[in-house]
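Participant: predicted model, plus sequence, below.
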Amino acid sequence: MSKVLGVKVYDPRFCTESYIDLMQEIGINTVFLGRGVLNETLCKELTQRGLFWNIVEPVFLITDDKTKTLATTQDGTEASDDWVRFACPTDKEHLERVQSRIKEDLRKYNPPGVSFDFIRFFQFWEMTMPSADPKKLPRTCYCSRCKKEASRFASETDWRKSLITETGKNLASLVRKEKPDVRIGIHAVPWTRNLFNGSRESMIGQDFSALASLCDYLTPMAYHHMMHMDVSYIKDLLSDMTDEGCPNIVMSIQSKEAYRTDVMDADEYEKALKLALKSDGVLIYKWEDLCADKKRLGMTKALFKGL
């Protein structure tokens with residue numbers, strides 16, 4: 001596949017034929033679909049248009065009321081912050097429901113791609129300031145079942161990395177068994193190895209090199225403005241992941257401000273887009289924001305046309 005030039009879409013109102021026309025007009029070739037926009041008509045339309053599309057599959061994020069067991073923090077509270085609610089990572093019933101849902105999606109929609117999101121331990125990283133004390137970031141899971149499983153490893157870090165990698169391996173095997181030609185992506189938390197004293201592995205459990213071996217591409221959510229970072233952080237993250245030996249990196253960037261009231265101007269978006277395009281492609285979060293801004297659309301079209 002050529003360089004990924006994609007958008008993430010979560011609102012069905014922005015998935016009509018006229019919006020798909022606009023996608024193709026500016027050069028988009030890839031669409032990541034949140035589960036809220038899934039329908040067979042849209043999926044068939046994208047396929048007929050020759051667009052590559054993915055279903056974003058949330059793994060440990062709780063999206064319904066069937067999962068009763070939330071992950072447990074060190075102080076005994078549930079792993080919940082605003083809309084971010086995480087299942088206990090050793091809850092077999094939750095994982096069985098996730099597996100069943102993925103199988104159903106593959107059979108019903110026949111997607112060319114699937115991307116695993118929230119395949120990690122609990123952390124509301126979108127609202128974690130760069131000055132945060134790593135010792136005060138929430139750790140999970142400390143339910144009796146998880147503590148028993150963790151005790152079999154040399155450290156909690158080893159257990160967390162092993163559990164997340166094994167979950168990714170099992171889900172990837174399931175997908176390839178159902179549909180061998182599907183391309184698999186994994187959403188990556190945009191923390192460099194040393195940020196917050198290595199919390200990406202020790203708390204979140206994402207070992208990038210191990211996860212990269214399981215999928216066709218990693219999509220780090222390099223939302224620099226959301227993270228209160230300079231736009232150059234996108235370059236730093238890409239370099240860090242490359243040093244870890246990760247192939248096929250598709251950087252995901254934000255098109256405008258989110259979780260902040262101060263504005264991310266169009267020039268900053270353009271800089272972010274240029275930096276992201278130094279990877280194997282770019283995913284823009286999110287289509288609903290991008291297509292509402294003619295200036296940013298024009299910037300995107302100009303940069304995509306030059307590739």
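Facilitator: Looks like it arrived, so ask away. Numbering: from 1, shown residues only.
Participant: let me see the contact set for residue 125.
Facilitator: Counting by C-beta atoms under 8 Å, 6 or more residues apart in numbering, residue 125 touches 189-191, 204, 227. Backbone N, C-alpha and C define where each C-beta goes, glycine included.
Participant: could you export these as JSON lines, including distance to residue 82, neighbour count and secondary structure?
Facilitator: Converted to JSON lines, the contacts of residue 125 look like this (distance: C-beta to C-beta, whole Å; neighbours: other C-beta atoms under 10 Å; DSSP: H, G, I helix; E, B strand; the rest coil):
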{"residue": "189", "distance to residue 82": "17", "neighbour count": "22", "secondary structure": "coil"}
{"residue": "190", "distance to residue 82": "19", "neighbour count": "25", "secondary structure": "coil"}
{"residue": "191", "distance to residue 82": "19", "neighbour count": "23", "secondary structure": "coil"}
{"residue": "204", "distance to residue 82": "18", "neighbour count": "24", "secondary structure": "coil"}
{"residue": "227", "distance to residue 82": "16", "neighbour count": "23", "secondary structure": "coil"}
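Participant: just those residues now: which is nearest residue 93?
Facilitator: Nearest to residue 93 among these: residue 204, at 22.9 Å, using C-beta to C-beta.
Participant: about what we covered before: farthest-apart pair in the contacts of residue 125, please.
Facilitator: Spatially, the most separated pair among the contacts of residue 125 is 204 and 227, at 14.3 Å (C-beta to C-beta).
Participant: beta partners for the residue nearest to the spatial centre of the chain?
Facilitator: Centroid-nearest residue in the chain: residue 187, 2.8 Å away (criterion: C-alpha atoms, centre = their mean). Beta-bridge pairing of residue 187 under DSSP bridges involves residue 219.
Participant: and residue 85, by the same measure?
Facilitator: Counting by DSSP bridges, residue 85 forms beta bridges with residue 80.
Participant: pLDDT at it, what is it?
Facilitator: pLDDT for residue 85: 96.
Participant: SS state for residue 102?
Facilitator: Residue 102 carries the three-state label helix when classified by DSSP: H, G, I helix; E, B strand; the rest coil.
Participant: all helices of the chain, in order?
Facilitator: Taking DSSP state H, the helices of the chain run over residues 17-26, 40-48, 92-109, 144-150, 156-178, 199-202, 208-212, 233-243, 266-276, 287-290, 294-305.
Participant: in TSV: these, plus distance to residue 59.
Facilitator: Putting the helices of the chain into TSV (distance: least, C-beta to C-beta, whole Å) gives the following:
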stretch	distance to residue 59
helix 17-26	27
helix 40-48	21
helix 92-109	6
helix 144-150	16
helix 156-178	7
helix 199-202	17
helix 208-212	12
helix 233-243	20
helix 266-276	24
helix 287-290	23
helix 294-305	30
